[in-house]
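>>> generate coordinates for the sequence data below:
(one chain, ligands or ions: 2)
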Amino acid sequence: MSILHQKFLHGGDYNPDQWLDRPDILEEDLRQMKRAGVNVVSLGIFSWAVLEPEEGKYDFSFLEERIEALYNNDIYTILATPSGARPMWMAYRYPEVLRVRADGVKEQMGGRHNHCYTSPVYRKKIWELDRRLAEKFAGHPGVIAWHISNEFGGACWCEKCQEAFREFLKEKYGSLEALNREWWTSFWSHRYDCWEHVQAPAPHGENATHGLNLDWKRFCSRQTADFCAWEKKALEAGGSVLPVTSNLMGFYDGLNYTDFRDVLDLVSWDNYPEWHSGEKSDAALAVETACAADYMRCIHGDRAPFLLMESTPSVTNWQRISRLKRPGMHMLSSLQALAHGADSVQYFQWRKGRGGSEKFHGAVLDHDATTDTRVFRDVAQVGRRLEGLEEICGSMVRPKAVILFDQENRWALEDSFGPRVSGIHYMETIQAHYGALWRLGIPADVIDSGSSLEEYRLVIAPMLYLLKGDIAERLSHFVEQGGTLIGTYQTGLVNENDLCFEGRVPHDMTAVFGLHREEIDSLWDGQSNHTCWNGKEYKLTELCERVYLSTASALAVYQEDFYAGEPVLTVNSYGRGRAYYMAARAGMDFLQDFYGKTAPQAGVLPCLKGVFPEGVTVTMRTKGDREYLFVQNWNPGDAVVIPEEELTDFETGEPVEGQMWLAGYEVRILVRGNCG
Ligand code: GLA
Ligand code: ZN
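Ligands and ions are numbered 1, 2, ... in the order given. I've put the predicted structure just below:
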């Protein structure tokens, strides 16, 4: 049986192909991996040039030897398909595999992650290689999953991609007339007379047709997912039934990861936060990584445990400043992954290479290759700790609150040209609402607007500007059935093609919110309005909507400007539930107070009641009747938590009652439930 979801995986990217002339080092790697508590490696990610040194000539011997040697040492392999970087011969023989940039310049050989995903040659070459890899290794007991390519991203403007884009549009719109209508091309006389004139958006060409911009991004994302599916099919053609994953990148803007939902059997992601920057606190940054981790978990419809495929064991080299992780941070940031439902802690990279642009990127082993280093000890400590947590592996995260984050909505909002060209701040808004819950110790899922709302009690849909499919209907139904919905300014303005709705907005949701919007005031940086709610004053910035209430009641009003006295926070009873509307952007002080009051009313409680200092949060995983609580102190200094109930420390078995002390960056795991 595979160890996937049975034991926490610990390991990372391993590049023995950089050391094939050093058998001594390859042998030493095995011994040192054991010492670090490594039980998994990702192998062959950039190995195409070794695996197919000449066109059609395959040599898998290094993989064969490494997989076997690792397996004999109880180290499992997540085997990569090498499509993240191509061999030199291919670029020169088949220039069509090279991307064309938006400005029309064709790229030369170099870099990585820069192939045309449409190119029949690239697809054929990777098919031939993947199929053979599967034939050879899919049945090996040491191989537990496929790592398809590496960090998919980017786009290609070559003629083949443009043609595929037109096919995508023909399929979607059926006729040029429909496309012209949905893209509103009568504007500025940009009407298309024939399909051949439809070109991808470009800086020196068309870029003001918002429907085009959005569809191009959709196309690029789907074409990438289609390429990933193509690789999966090649592996299956080689007889593989192993799960496939691909390392995603959190809130990376270039792809709509929902497009990968049906392709990936297992979600994994890479996480590289800039700890200790001083620009924001580690706690504030932890909110962002927590939010991204929850989004990643929800990419898969069943929200099953996922993998942290990459993180750095020490520093990166590509961040603006490469700060060392302070003592405790490596453990805390590693266990944060577990706290959000990951079944692994994996790194880039096992051993530092001697050349190339990542020669100074952190690794478990530095150039001196000794184990007597702080980094190695930190890593080994994580390895040991994970071993003791085996029972938690495979457990689920099942929050009652959810944030709607939709990548297509993000593309459209950020391209909307008004009301704030200098920063509409959608991501920040998502993270702010999420962050308020995080501070309250209320776990949340992060899902796109096409996902099911069934398991939730509280749905938070900030700035849901673009409405796809039946989302308005489903949100209304959710409230009607007793759920609590939170909506904000900039909701329900355009259809899925970024075409403004006719009639009152939020479109199809004026009934559930019991109001409609008349206009929105955009504030300059430094300008503000204020409101008072429950006797406390709060600042409002950036976006202030003027709304008219039909059935909703005002809970708070604007205090200043010509719209002073008009509603800014409203609630509407609808069916058995309630819909709140925040007409203006408020700060964390308001969001925290607001959710502190409304979440419990909605039936959503913190996973541990008690007194928590700023910067401390709790998340929860469950298995059967056991609940595992990850209490995390993101402050550099000590923190005292006072839980309201008696729990058991999962690792020591000691009861925890009264005060619970956490050192700076400490994480403790408590258990609730049948301890038998
Ligand atoms: C990404 C890539 C890795 C490596 C790391 C460095 O995550 O997938 O190959 O380049 O970044 O941080
Ligand atoms: Zn292309």
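>>> quick one, helices of the stretch 101-250 of the chain?
For the stretch 101-250 of the chain, the helices defined by DSSP state H, counting those that start in this stretch cover 120-137, 159-173, 176-183, 210-237.
>>> now mean neighbour count too, for those helices, in JSON lines please.
C-beta: built from backbone N, CA, C; applies to glycine. Below are the helices of the stretch 101-250 of the chain laid out as JSON lines (neighbours: other Cβ atoms under 10 Å):
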{"stretch": "helix 120-137", "mean neighbour count": "19"}
{"stretch": "helix 159-173", "mean neighbour count": "16"}
{"stretch": "helix 176-183", "mean neighbour count": "17"}
{"stretch": "helix 210-237", "mean neighbour count": "21"}
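>>> would you mind giving those as TSV with distance to ligand 1 and mean pLDDT added?
TSV is the format used below for those (distance: least, Cβ to the nearest ligand atom, whole Å; pLDDT from 0 to 100):
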stretch	distance to ligand 1	mean pLDDT
helix 120-137	18	98
helix 159-173	23	98
helix 176-183	36	98
helix 210-237	15	98
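>>> mind putting those helices in CSV, distance to residue 201 included?
Output for the helices of the stretch 101-250 of the chain, formatted as CSV (distance: least, Cβ to Cβ, whole Å):
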stretch, distance to residue 201
helix 120-137, 23
helix 159-173, 10
helix 176-183, 11
helix 210-237, 5
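>>> tabulate the ones you listed (JSON lines), appending distance to ligand 2.
Listed next are these as JSON lines, based on distance: least, Cβ to the ion, whole Å:
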{"stretch": "helix 120-137", "distance to ligand 2": "9"}
{"stretch": "helix 159-173", "distance to ligand 2": "3"}
{"stretch": "helix 176-183", "distance to ligand 2": "21"}
{"stretch": "helix 210-237", "distance to ligand 2": "9"}
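>>> so which residue is smack in the middle of the protein?
For the chain, residue 250 is the residue whose C-alpha lies nearest the centre (Cα atoms, centre = their mean; 2.5 Å).
>>> that one reaches residue 295, doesn't it?
Yes - counting by Cβ atoms under 8 Å, residue 250 does reach residue 295; the two are 6.9 Å apart.
>>> ok, back up a step: residue contacts, the residue nearest to the centre of the chain?
269-271, 289, 292-293, 295-296 (Cβ atoms under 8 Å, 6 or more residues apart in numbering).
>>> so which of the helices of the stretch 101-250 of the chain gets nearest residue 481?
Nearest of these to residue 481, taken as Cβ to Cβ: helix 210-237 at 31.2 Å.
>>> identify the residue nearest residue 300 in space, chain neighbours excluded?
Closest residue to residue 300 apart from its sequence neighbours, by Cβ to Cβ, 6 or more residues apart in numbering: residue 267 at 5.0 Å.
>>> quick one: pLDDT of that neighbour?
With respect to pLDDT, residue 267 has a value of 98.
>>> what helices and strands are in contact with the host helix or strand of residue 68?
Element membership for residue 68, per DSSP states H and E: helix 61-72. Under the contact criterion of 3 or more Cβ pairs under 8 Å, 6 or more residues apart in numbering; DSSP states H and E, helix 61-72 touches helix 23-35, strand 40-43, strand 76-80, helix 120-137.
>>> thought residue 39 was touching residue 7?
Yes - counting by Cβ under 8 Å, residue 7 is a contact partner of residue 39 at 6.8 Å.
>>> show me whatever sits in contact with both of these two.
Listed as contacting both residue 39 and residue 7 by Cβ under 8 Å, 6+ apart is no residue at all.
>>> those two: which is more packed in?
A count of neighbours by other Cβ atoms under 10 Å puts residue 39 above the other of residue 39 and residue 7, at 22 against 19.
>>> how many other residues sit next to residue 193?
8.
>>> neighbours of residue 381, how many?
15.
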